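# Test case, fold it:
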Amino acid sequence: MTGTDYSDITYEVVDGLAWITINRPERYNSFRAQTVDELTQAFKRAWIGADVGAIVLTGAGDKAFCTGGDQKQRMETGDYGPSLSGWLEIEALHRVIRDVPKPVIAAVNGFAIGGGHVLHVLCDLTIAAESAVFGQNGPRVGSFDAGFGTGYLARVVGEKRAREIWFLCRRYSAQEAYEWGLVNKVVPADRLHDEAQAWGAEIVQLSPTALKMLKQSFNMDTEQFAAIGHMATTALKMFGDSDEAKEGITAFNEKRHPDFSAYRGN
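The predicted structure follows:
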């Protein structure tokens with residue numbers, strides 16, 4: 001793909017910083033399978049780009065960074081739409097964010113919920129607008145992330161906080177996320193772009209080989225979560241076809257509370 005081939009994202013390099021923007025504001029920057037394909041390709045493009053020293057991941061508009069999988073798409077077609085491989089390649093996207101040998105900054109401009117929350121956690125650094133909102137949604141819609149989204153999250157915020165995030169599905173402010181260690185800095189919304197650009201400008205002045213080795217060293221300690229995530233993806237596919245999971249997604253789209261009472265004895 002070239003820069004003009006993207007439909008769900010945009011890609012731009014400014015002063016050594018690659019800006020990858022999820023461009024589906026009408027769907028709160030939720031991702032379908034095509035979005036994931038384009039994001040993965042864009043990260044690989046930044047990986048090999050000699051003009052890129054660091055990467056920023058953000059969302060279009062001022063309402064959402066990313067709200068995870070497109071549940072309207074899932075309700076309409078039973079999946080997340082067509083992709084290059086026929087799969088929702090979310091594991092490939094997680095891997096490339098971790099493996100790309102250049103620091104990745106999440107510039108969280110609004111809701112970072114569900115799978116979007118996992119994306120920002122996987123980024124090396126997070127800068128949030130004061131209006132940003134963080135949280136998980138999986139148990140509400142019949143979904144979960146049992147790899148980096150849980151185990152690695154616990155490394156970031158601690159076991160008790162991570163379990164609270166998943167077991168209660170609450171929403172947390174940017175300031176709360178900062179206090180928990182989920183966010184590196186909070187700035188006014190109109191300063192978010194400039195702040196991310198400034199952090200990136202500092203990074204691109206540093207030794208790329210040293211940065212690569214540092215990132216790989218940090219990743220080594222938590223690499224086991226990739227295998228757990230791989231197993232969980234298999235389980236999630238089977239779970240997604242169950243009546244329990246379907247109740248979650250139906251309730252979400254009907255804007256009502258799901259009724260999971262029939263499944264508590266399983």
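
# Could you list the low-pLDDT ranges of the stretch 101-250 of the chain?
The model of the stretch 101-250 of the chain has pLDDT under 70 over residues 230.

# can you pull out the helices in it?
In the stretch 101-250 of the chain, the helices defined using DSSP state H, counting those that start in this stretch lie at 115-122, 153-157, 159-168, 174-180, 192-203, 208-220, 224-240, 243-253.

# can you list those helices in a markdown table and add distance to Gly265 and mean neighbour count?
Backbone N, C-alpha and C define where each C-beta goes, glycine included. Putting the helices of the stretch 101-250 of the chain into a markdown table (distance: least, CB to CB, whole Å; neighbours: other CB atoms under 10 Å) gives the following:
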| stretch | distance to Gly265 | mean neighbour count |
| --- | --- | --- |
| helix 115-122 | 29 | 26 |
| helix 153-157 | 28 | 18 |
| helix 159-168 | 19 | 15 |
| helix 174-180 | 34 | 18 |
| helix 192-203 | 47 | 18 |
| helix 208-220 | 40 | 13 |
| helix 224-240 | 17 | 15 |
| helix 243-253 | 12 | 17 |
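
# okay, the ones you listed in CSV with distance to Pro139 next?
Below are the helices of the stretch 101-250 of the chain laid out as CSV (distance: least, CB to CB, whole Å):
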stretch, distance to Pro139
helix 115-122, 13
helix 153-157, 14
helix 159-168, 7
helix 174-180, 20
helix 192-203, 30
helix 208-220, 28
helix 224-240, 12
helix 243-253, 8
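
# Figure out the length between the terminal residues of stretch 217-228.
This stretch, stretch 217-228, spans 20 Å end to end (CA to CA, to the nearest Å).

# you'd agree Gln71 is up against Phe252?
Yes. Between Gln71 and Phe252 there is a contact at 5.2 Å, judged by CB atoms under 8 Å.

# Spit out the residues that contact those two alike.
Shared contacts of Gln71 and Phe252, defined by CB atoms under 8 Å, 6 or more residues apart in numbering, comprise Val141.

# For stretch 27-37, what does the pLDDT average out to?
Rounded to a whole number, the mean pLDDT of stretch 27-37 is 95.

# And it, end to end?
Span of stretch 27-37 from end to end, CA to CA: 17 Å.

# Please work out which residues outside that stretch touch it.
In contact with stretch 27-37 (CB under 8 Å, 6+ apart) are residues 7-9, 22-24, 39, 59-61, 63-73, 79-84, 87-90, 92-93, 110-111, 115-116.

# how about that stretch: buried residues?
27-37 (16 or more other CB atoms under 10 Å).

# what distance separates that stretch from the middle of the whole chain?
Put simply, stretch 27-37 sits 11 Å off its chain's centre (CA atoms, centre = their mean, to the nearest Å).

# and if you look at stretch 69-78?
So, by CA atoms, centre = their mean, the centroid of stretch 69-78 is 18 Å from its chain's centroid.

# Just the CA trace of it, in PDB.
Provided in PDB are the C-alpha atoms of stretch 69-78 (Å, rounded to 0.1, in the frame of the first residue of the first chain):
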ATOM      1  CA  GLY A  69     -13.300  -3.700  17.700                       C
ATOM      2  CA  ASP A  70     -16.200  -2.300  15.700                       C
ATOM      3  CA  GLN A  71     -19.100  -3.900  17.400                       C
ATOM      4  CA  LYS A  72     -21.600  -2.600  14.800                       C
ATOM      5  CA  GLN A  73     -19.600  -4.400  12.200                       C
ATOM      6  CA  ARG A  74     -19.500  -7.500  14.400                       C
ATOM      7  CA  MET A  75     -23.300  -7.400  14.800                       C
ATOM      8  CA  GLU A  76     -24.000  -6.800  11.100                       C
ATOM      9  CA  THR A  77     -21.800  -9.500   9.700                       C
ATOM     10  CA  GLY A  78     -20.800 -11.800  12.600                       C
END
